[in-house]
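# Predicted model and sequence below, questions to follow.
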Amino acid sequence: MIHEIILLCLSGALIAFLQVSGTHSFPHPLSAEEEKSLFHAMRDGSADARNTLICRNLRLVSHIIRKYYPTAQNQDDLVSIGTVGLIKAVDTFDPDKGAHFATYASRCIQNEILMHFRAQKKLSSEVSMQETIDTDREGNPLTYMDIIAEEDTIADDLDVRIQCDKVRRLVAEILDKREREIITMRYGLGGTAPMAQRQCAEKLGISRSYVSRIEKAALEKLRNRL
(Lines give C-alpha, C1' and ligand atoms only; values in the text may rest on other atoms or scores of the structure.)
Protein backbone atom coordinates (compact mmCIF):
# COMPACT_ATOMS: atom_id res chain seq x y z
CA MET A 1 0.00 0.00 0.00
CA ILE A 2 2.80 2.43 0.83
CA HIS A 3 4.33 1.57 -2.54
CA GLU A 4 1.12 2.72 -4.23
CA ILE A 5 1.24 6.04 -2.38
CA ILE A 6 4.81 6.59 -3.54
CA LEU A 7 3.78 5.86 -7.12
CA LEU A 8 0.93 8.34 -6.87
CA CYS A 9 3.29 11.00 -5.51
CA LEU A 10 5.85 10.38 -8.25
CA SER A 11 3.20 10.62 -10.94
CA GLY A 12 2.15 14.00 -9.58
CA ALA A 13 -1.40 12.86 -8.85
CA LEU A 14 -1.41 14.01 -5.24
CA ILE A 15 0.38 17.25 -6.06
CA ALA A 16 -2.03 17.97 -8.90
CA PHE A 17 -5.26 17.14 -7.10
CA LEU A 18 -4.76 17.60 -3.36
CA GLN A 19 -3.87 21.26 -2.91
CA VAL A 20 -5.45 21.39 0.54
CA SER A 21 -4.14 24.85 1.34
CA GLY A 22 -5.85 26.59 -1.57
CA THR A 23 -8.48 26.34 -4.25
CA HIS A 24 -8.04 23.79 -7.03
CA SER A 25 -10.25 22.49 -9.76
CA PHE A 26 -10.85 18.76 -9.57
CA PRO A 27 -12.04 16.66 -12.50
CA HIS A 28 -15.79 16.11 -12.56
CA PRO A 29 -16.96 13.19 -10.41
CA LEU A 30 -17.79 9.99 -12.21
CA SER A 31 -21.41 9.36 -13.11
CA ALA A 32 -23.09 6.37 -11.51
CA GLU A 33 -22.87 4.48 -14.80
CA GLU A 34 -19.17 5.29 -15.31
CA GLU A 35 -18.37 4.34 -11.73
CA LYS A 36 -20.14 0.99 -11.92
CA SER A 37 -18.53 0.20 -15.26
CA LEU A 38 -15.06 0.94 -13.88
CA PHE A 39 -15.64 -1.24 -10.82
CA HIS A 40 -16.68 -4.13 -13.04
CA ALA A 41 -13.64 -3.54 -15.26
CA MET A 42 -11.44 -3.54 -12.16
CA ARG A 43 -12.94 -6.87 -11.13
CA ASP A 44 -11.85 -8.21 -14.51
CA GLY A 45 -8.29 -7.15 -13.75
CA SER A 46 -8.06 -3.65 -15.25
CA ALA A 47 -5.39 -1.65 -13.43
CA ASP A 48 -6.34 1.45 -15.43
CA ALA A 49 -9.91 1.27 -14.14
CA ARG A 50 -8.65 1.02 -10.56
CA ASN A 51 -6.32 3.99 -10.99
CA THR A 52 -9.13 6.04 -12.54
CA LEU A 53 -11.42 5.29 -9.60
CA ILE A 54 -8.71 6.40 -7.18
CA CYS A 55 -7.74 9.60 -9.00
CA ARG A 56 -11.31 10.69 -9.77
CA ASN A 57 -12.22 10.38 -6.08
CA LEU A 58 -9.19 12.15 -4.58
CA ARG A 59 -11.51 15.13 -4.07
CA LEU A 60 -12.98 13.21 -1.12
CA VAL A 61 -9.58 13.09 0.61
CA SER A 62 -9.03 16.78 -0.02
CA HIS A 63 -12.49 17.70 1.23
CA ILE A 64 -12.17 15.75 4.47
CA ILE A 65 -8.75 17.20 5.27
CA ARG A 66 -9.84 20.77 4.50
CA LYS A 67 -12.98 20.36 6.61
CA TYR A 68 -11.61 18.55 9.64
CA TYR A 69 -7.90 19.41 9.71
CA PRO A 70 -7.40 22.89 8.20
CA THR A 71 -4.76 23.84 10.79
CA ALA A 72 -2.94 20.52 11.03
CA GLN A 73 0.82 20.79 10.67
CA ASN A 74 1.19 17.33 9.16
CA GLN A 75 -1.27 17.65 6.28
CA ASP A 76 1.08 15.84 3.90
CA ASP A 77 0.92 12.83 6.20
CA LEU A 78 -2.85 13.11 6.46
CA VAL A 79 -3.13 13.25 2.66
CA SER A 80 -1.15 10.00 2.38
CA ILE A 81 -3.15 8.35 5.17
CA GLY A 82 -6.46 9.51 3.71
CA THR A 83 -5.43 8.22 0.28
CA VAL A 84 -4.67 4.83 1.83
CA GLY A 85 -8.27 4.84 3.10
CA LEU A 86 -9.50 5.76 -0.38
CA ILE A 87 -7.51 2.93 -1.97
CA LYS A 88 -8.92 0.48 0.58
CA ALA A 89 -12.40 1.73 -0.26
CA VAL A 90 -11.84 1.18 -4.00
CA ASP A 91 -10.47 -2.32 -3.36
CA THR A 92 -13.32 -3.43 -1.07
CA PHE A 93 -16.40 -1.69 -2.48
CA ASP A 94 -19.12 -3.83 -4.02
CA PRO A 95 -21.12 -1.78 -6.58
CA ASP A 96 -23.82 -4.43 -6.78
CA LYS A 97 -25.00 -3.88 -3.20
CA GLY A 98 -26.64 -0.56 -4.06
CA ALA A 99 -24.58 1.68 -1.76
CA HIS A 100 -23.08 4.97 -2.95
CA PHE A 101 -19.31 4.75 -3.32
CA ALA A 102 -18.71 8.34 -2.19
CA THR A 103 -20.47 7.62 1.13
CA TYR A 104 -18.52 4.40 1.62
CA ALA A 105 -15.18 5.97 0.67
CA SER A 106 -15.68 9.00 2.92
CA ARG A 107 -16.10 6.72 5.92
CA CYS A 108 -13.07 4.64 4.95
CA ILE A 109 -10.95 7.79 4.66
CA GLN A 110 -12.13 9.13 8.02
CA ASN A 111 -11.59 5.75 9.68
CA GLU A 112 -8.04 5.52 8.34
CA ILE A 113 -7.17 8.97 9.72
CA LEU A 114 -8.84 8.17 13.03
CA MET A 115 -6.81 4.95 13.32
CA HIS A 116 -3.69 7.02 12.70
CA PHE A 117 -4.47 9.26 15.67
CA ARG A 118 -5.29 6.25 17.83
CA ALA A 119 -1.97 4.65 16.90
CA GLN A 120 -0.17 7.81 18.03
CA LYS A 121 -1.71 7.34 21.47
CA LYS A 122 -0.90 3.65 21.67
CA LEU A 123 1.75 4.01 24.36
CA SER A 124 -0.37 6.30 26.52
CA SER A 125 -3.61 5.64 28.36
CA GLU A 126 -6.81 4.90 26.47
CA VAL A 127 -7.97 7.58 24.07
CA SER A 128 -10.81 9.82 25.23
CA MET A 129 -13.41 10.52 22.57
CA GLN A 130 -13.53 14.11 23.88
CA GLU A 131 -9.79 14.61 23.49
CA THR A 132 -8.84 17.59 21.31
CA ILE A 133 -6.80 16.58 18.26
CA ASP A 134 -7.02 19.78 16.20
CA THR A 135 -9.00 22.99 15.74
CA ASP A 136 -11.46 23.99 13.03
CA ARG A 137 -11.39 27.14 10.89
CA GLU A 138 -12.95 29.19 13.70
CA GLY A 139 -10.45 27.94 16.26
CA ASN A 140 -12.91 25.62 18.00
CA PRO A 141 -11.49 22.33 19.35
CA LEU A 142 -11.96 19.24 17.18
CA THR A 143 -12.36 15.94 19.02
CA TYR A 144 -12.54 12.29 18.00
CA MET A 145 -16.28 12.41 18.67
CA ASP A 146 -16.68 15.25 16.17
CA ILE A 147 -15.08 13.13 13.46
CA ILE A 148 -17.27 10.13 14.17
CA ALA A 149 -20.56 11.91 14.86
CA GLU A 150 -20.66 14.73 12.34
CA GLU A 151 -22.56 13.97 9.17
CA ASP A 152 -20.56 14.82 6.06
CA THR A 153 -22.74 15.85 3.12
CA ILE A 154 -20.21 15.69 0.28
CA ALA A 155 -21.31 12.20 -0.72
CA ASP A 156 -24.99 13.22 -0.75
CA ASP A 157 -24.14 16.42 -2.61
CA LEU A 158 -22.27 14.50 -5.29
CA ASP A 159 -25.08 11.99 -5.61
CA VAL A 160 -27.73 14.71 -5.92
CA ARG A 161 -25.70 16.48 -8.61
CA ILE A 162 -25.26 13.24 -10.57
CA GLN A 163 -28.96 12.41 -10.32
CA CYS A 164 -30.00 15.95 -11.32
CA ASP A 165 -27.77 15.81 -14.39
CA LYS A 166 -29.30 12.46 -15.30
CA VAL A 167 -32.84 13.78 -14.92
CA ARG A 168 -32.11 16.80 -17.14
CA ARG A 169 -30.64 14.51 -19.78
CA LEU A 170 -33.65 12.18 -19.67
CA VAL A 171 -36.09 15.10 -19.87
CA ALA A 172 -34.44 16.10 -23.15
CA GLU A 173 -34.19 12.54 -24.48
CA ILE A 174 -37.43 10.73 -23.65
CA LEU A 175 -40.15 13.38 -23.16
CA ASP A 176 -42.10 14.97 -25.99
CA LYS A 177 -42.28 18.74 -26.44
CA ARG A 178 -45.40 19.31 -24.30
CA GLU A 179 -44.13 17.04 -21.52
CA ARG A 180 -40.78 18.86 -21.48
CA GLU A 181 -42.53 22.22 -21.26
CA ILE A 182 -44.67 21.19 -18.32
CA ILE A 183 -41.92 19.40 -16.37
CA THR A 184 -39.55 22.34 -16.96
CA MET A 185 -42.11 24.87 -15.72
CA ARG A 186 -43.41 22.75 -12.83
CA TYR A 187 -39.96 22.03 -11.35
CA GLY A 188 -38.00 25.08 -12.47
CA LEU A 189 -35.53 23.10 -14.59
CA GLY A 190 -34.82 26.15 -16.74
CA GLY A 191 -33.44 28.10 -13.79
CA THR A 192 -36.77 29.82 -13.07
CA ALA A 193 -39.03 29.43 -10.05
CA PRO A 194 -41.25 26.30 -10.06
CA MET A 195 -44.81 26.97 -11.16
CA ALA A 196 -48.10 25.57 -9.90
CA GLN A 197 -50.21 23.45 -12.23
CA ARG A 198 -52.72 26.31 -12.52
CA GLN A 199 -49.96 28.71 -13.64
CA CYS A 200 -48.71 26.20 -16.21
CA ALA A 201 -52.25 25.75 -17.51
CA GLU A 202 -52.76 29.50 -17.89
CA LYS A 203 -49.44 29.93 -19.68
CA LEU A 204 -50.07 27.07 -22.10
CA GLY A 205 -53.77 27.77 -22.60
CA ILE A 206 -54.92 24.34 -21.44
CA SER A 207 -56.86 23.02 -18.45
CA ARG A 208 -55.21 22.32 -15.10
CA SER A 209 -56.43 18.69 -15.19
CA TYR A 210 -54.74 18.25 -18.59
CA VAL A 211 -51.50 19.62 -17.13
CA SER A 212 -51.87 17.15 -14.25
CA ARG A 213 -52.32 14.19 -16.62
CA ILE A 214 -49.33 15.18 -18.76
CA GLU A 215 -47.16 15.74 -15.71
CA LYS A 216 -48.13 12.36 -14.25
CA ALA A 217 -47.31 10.56 -17.50
CA ALA A 218 -43.98 12.40 -17.85
CA LEU A 219 -42.95 11.59 -14.28
CA GLU A 220 -43.81 7.94 -14.85
CA LYS A 221 -41.54 7.87 -17.91
CA LEU A 222 -38.70 9.43 -15.93
CA ARG A 223 -39.25 7.12 -12.97
CA ASN A 224 -39.10 4.03 -15.17
CA ARG A 225 -35.83 5.14 -16.75
CA LEU A 226 -34.26 6.13 -13.41
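Ah, there it is. Numbers count the residues shown, from 1 in each chain.

# Let me see the ranges of the strands in the chain.
Remark: strands assigned in the chain by DSSP state E are 132-135, 141-143.

# Lowest average pLDDT across those?
Mean pLDDT is lowest for strand 132-135 among the strands of the chain, at a mean of 57.

# List the residues that contact the closest residue to residue 212 other than its chain neighbours.
Among residues not flanking residue 212 along the chain, residue 197 sits closest, at 5.7 Å (CB to CB, 6 or more residues apart in numbering). Quick note: C-beta positions are derived from backbone N, CA and C, even for glycine. Residues in contact with residue 197, defined by CB atoms under 8 Å, 6 or more residues apart in numbering, are 186, 208, 211-212, 215.

# Which pLDDT value belongs to the residue lying closest to residue 39 once chain neighbours are set aside?
Here the nearest residue to residue 39 in space, its sequence neighbours aside, is residue 95; by CB to CB, 6+ apart that works out to 4.3 Å. Here the pLDDT value assigned to residue 95 is 85.

# ditto for residue 140
We have a pLDDT of 67 for residue 140.

# Likewise for the one 5 residues further on?
Here, the pLDDT recorded for residue 145 equals 55.

# Now do the buried residues in stretch 109-118.
109-110, 112-114, 116-117 (16 or more other CB atoms under 10 Å).

# Could you dump those residues into CSV and include distance to residue 222 and pLDDT?
Below are these laid out as CSV (distance: CB to CB, whole Å; pLDDT from 0 to 100):
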residue, distance to residue 222, pLDDT
109, 33, 91
110, 35, 88
112, 39, 89
113, 40, 86
114, 40, 85
116, 44, 82
117, 45, 77
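
# Take those and write them to a markdown table, including distance to residue 177.
Putting the buried residues of stretch 109-118 into a markdown table (distance: CB to CB, whole Å) gives the following:
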| residue | distance to residue 177 |
| --- | --- |
| 109 | 46 |
| 110 | 47 |
| 112 | 51 |
| 113 | 52 |
| 114 | 53 |
| 116 | 57 |
| 117 | 58 |
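
# Would you check that residue 78 makes contact with residue 66?
No: here residue 78 lies out of contact with residue 66, judged by CB atoms under 8 Å, at a distance of 10.5 Å.

# So which of these two has more stuff around it?
A direct count of neighbours by other CB atoms under 10 Å for residue 78 and residue 66 places residue 78 higher, at 24 against 16.

# Flag the shaky bits of this structure, pLDDT-wise.
The chain contains residues with pLDDT under 70 at 1-26, 72-73, 121-162, 226.

# cutoff 80 now
Residue ranges of the chain with pLDDT under 80: 1-28, 68-76, 98-99, 117-166, 190-192, 226.

# Could you pull up the contacting residues of residue 195?
Neighbours of residue 195 in contact, by CB under 8 Å, 6+ apart: 185-186, 188, 203.

# What of residue 199?
residue 185.

# so how far is residue 188 from it?
Distance of residue 199 to residue 188, given as CB to CB, to the nearest Å: 12 Å.

# and if you look at residue 57?
Using CB to CB, residue 57 is found at 31 Å from residue 188.

# More neighbours: the two, which one.
residue 57 (26 against 11).

# Provide the backbone phi and psi angles at the more buried one.
The phi/psi pair for residue 57 (degrees, to the nearest 10) reads phi -120, psi 10.
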